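A.B. asks: Any chance you can model this:
(one chain, ligands or ions: 2)
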Amino acid sequence: MAERIDGKAIAAEVVEKIKAAAAELHRAKGVVPGLAVVIVGDDAASHTYVTAKGKRAKECGFHSVQVTLDADTSQEELEKVVGELNADPAIHGILVQLPLPGHLDEFPVIQMIRPEKDVDGLSIVNAGKLAVGDLKTGLISCTPAGAMILVRSIHGDDLSGLNAVVIGRSNLFGKPMGRLLLQANATVTMAHSRTADLAAACRNADILVAATGRAEMVKADWVKPGATVIDVGITRVPAPERGEGKTRLLGDVDFAACEPVAGAITPVPGGVGPMTITMLMANTVIAAYRAVGLEAPRF
Ligand SMILES: NC(=O)C1=CN([C@@H]2O[C@H](COP(=O)(O)OP(=O)(O)OC[C@H]3O[C@@H](n4cnc5c(N)ncnc54)[C@H](OP(=O)(O)O)[C@@H]3O)[C@@H](O)[C@H]2O)C=CC1
Ligand SMILES: Nc1nc(=O)c2c([nH]1)NC[C@@H]1CN(c3ccc(C(=O)N[C@@H](CCC(=O)O)C(=O)O)cc3)C=[N+]21
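C.D. replies: Numbering: from 1, shown residues only. Ligands and ions are numbered 1, 2, ... in the order given. Model prediction:
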């Protein structure tokens, strides 16, 4: 049976470091880290997730702002809001919840966020720094940064000699995850919807990371015995057995089938998700340190 990687417990340890860093920043410079989350429209799942971010920000002692815009907000209105947050000295981190409603163009909105405040790591500057291996001056997308802490909890900092397979190649997760694994000396395969024999590619993985949003697609015979399996996917499905209107979350990994084969595995919920929210706070405190010219702590 695989070891279960407890994302909640590891996130709680990181939260303590974040709180201490925030307290030190306040003591040294009188500055409170400020995080703004912008959400457009009324997607229920997005709102639950944004509420969780606000709660965690408060818990860390941050100044936290949520900007909720109507589903029919125009591109100009959204860009005006981001412009104001860019100019606000009390805000060190800005996150625009994705995806945006279909009539809005994501790319220009994300690219106008000042790189120093881009806590999602999606700006060309931050993505580029990661691509050239500069992990010290940019900001790295929260979910891959959190997933790497989970990988390190099993394998340590140096992944030399290990094969890693990432399923999914999004800018938000797959690409930065692949780059972080490569930077840590893993031999990386980036798989996606056009990969020929996905099962065979996965069977080669000492570290298998799934981020597709296809519920339970990773089966037991895709997993190399003893491999570390990191499940990023989140799909909400109806769960009538829990009561009327109730739902539950499924990952991209068929957990029950893969747990006996893997060496270590993350559950959903309680794996990568809690790390994502925590790393958003870590990025915000890092941005706040840099804003006052202090060297940022590492998490
Ligand atoms: N736990 C957490 O903290 C977080 C969870 N998520 C979840 O992770 C999942 C992925 O998110 P994100 O990267 O933003 O999603 P995207 O939809 O942007 O990307 C999905 C990727 O999966 C690939 N893919 C889709 N279907 C298949 C398939 N059948 N076989 C192989 N590859 C496939 C796509 O390939 P192609 O490029 O060829 O289309 C694409 O690269 C979602 O479920 C999301 O909810 C996301 C962020 C944080
Ligand atoms: N700009 C942007 N950045 C993101 O990082 C981003 C985004 N947009 N859009 C949506 C996805 C999804 N995502 C999740 C984060 C945490 C949990 C999470 O906390 N999950 C808990 C469970 C929560 C629950 O029970 O609902 C867990 O897995 O244990 C889930 C999903 C971040 N995303």
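A.B. asks: drop to CA atoms for contacts and neighbour counts, all remaining ones
C.D. replies: Noted.
A.B. asks: bridging residues for residue 209?
C.D. replies: Beta-bridge partners for residue 209, by DSSP bridges, are residue 166, residue 230.
A.B. asks: I figured it hits residue 229, correct?
C.D. replies: Yes - contact criterion Cα atoms under 8 Å: residue 209 and residue 229 qualify, at 6.0 Å.
A.B. asks: Comparing the two, which shows the higher neighbour count?
C.D. replies: Just comparing residue 209 and residue 229: by other Cα atoms under 10 Å the higher neighbour count belongs to residue 229, 32 against 29.
A.B. asks: Distance check, that one against ligand 1.
C.D. replies: According to Cα to the nearest ligand atom, to the nearest Å, residue 229 stands 14 Å off from ligand 1.
A.B. asks: State the phi and psi torsions of the residue located most distally from the centre of the chain.
C.D. replies: Ranked by distance from the centre of the chain (Cα atoms, centre = their mean), the top residue is residue 244, with 30.9 Å. Dihedral angles of residue 244 (phi, psi; degrees, to the nearest 10) stand at phi -60, psi 130.
A.B. asks: per-residue confidence for it?
C.D. replies: As predicted, residue 244 sits at a pLDDT of 94.
A.B. asks: Distance of it relative to residue 235?
C.D. replies: Here the criterion is Cα to Cα, to the nearest Å. By it, residue 244 lies 18 Å from residue 235.
A.B. asks: ok, now which ones touch the nearest residue to residue 6 once chain neighbours are set aside?
C.D. replies: Once flanking residues are discounted, residue 6 sits nearest to residue 271: 6.0 Å by Cα to Cα, 6 or more residues apart in numbering. Counting by Cα atoms under 8 Å, 6 or more residues apart in numbering, residue 271 touches 5, 6, 7, 8, 231.
A.B. asks: Give me every residue in the stretch 151-299 of the chain lying close to ligand 1.
C.D. replies: Within the stretch 151-299 of the chain, the positions near ligand 1 by Cα under 6 Å from any ligand atom are 167-170, 172-174, 192-194, 211-213, 232-235, 272-273, 276.
A.B. asks: again, only using 5 Å
C.D. replies: Contact residues, the stretch 151-299 of the chain versus ligand 1 (Cα under 5 Å from any ligand atom): 168-170, 173, 192-193, 211-213, 232-234, 272-273, 276.
A.B. asks: Buried only: go through the residues you listed for me.
C.D. replies: 168-169, 173, 192, 211-213, 232-234, 272-273, 276 (16 or more other Cα atoms under 10 Å).
A.B. asks: Put together CSV for those, with pLDDT and secondary structure on each row.
C.D. replies: Listed next are these as CSV, based on pLDDT from 0 to 100; DSSP: H, G, I helix; E, B strand; the rest coil:
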residue, pLDDT, secondary structure
168, 98, coil
169, 98, coil
173, 98, coil
192, 98, coil
211, 98, coil
212, 98, coil
213, 97, coil
232, 98, coil
233, 98, coil
234, 96, coil
272, 98, helix
273, 96, helix
276, 97, helix
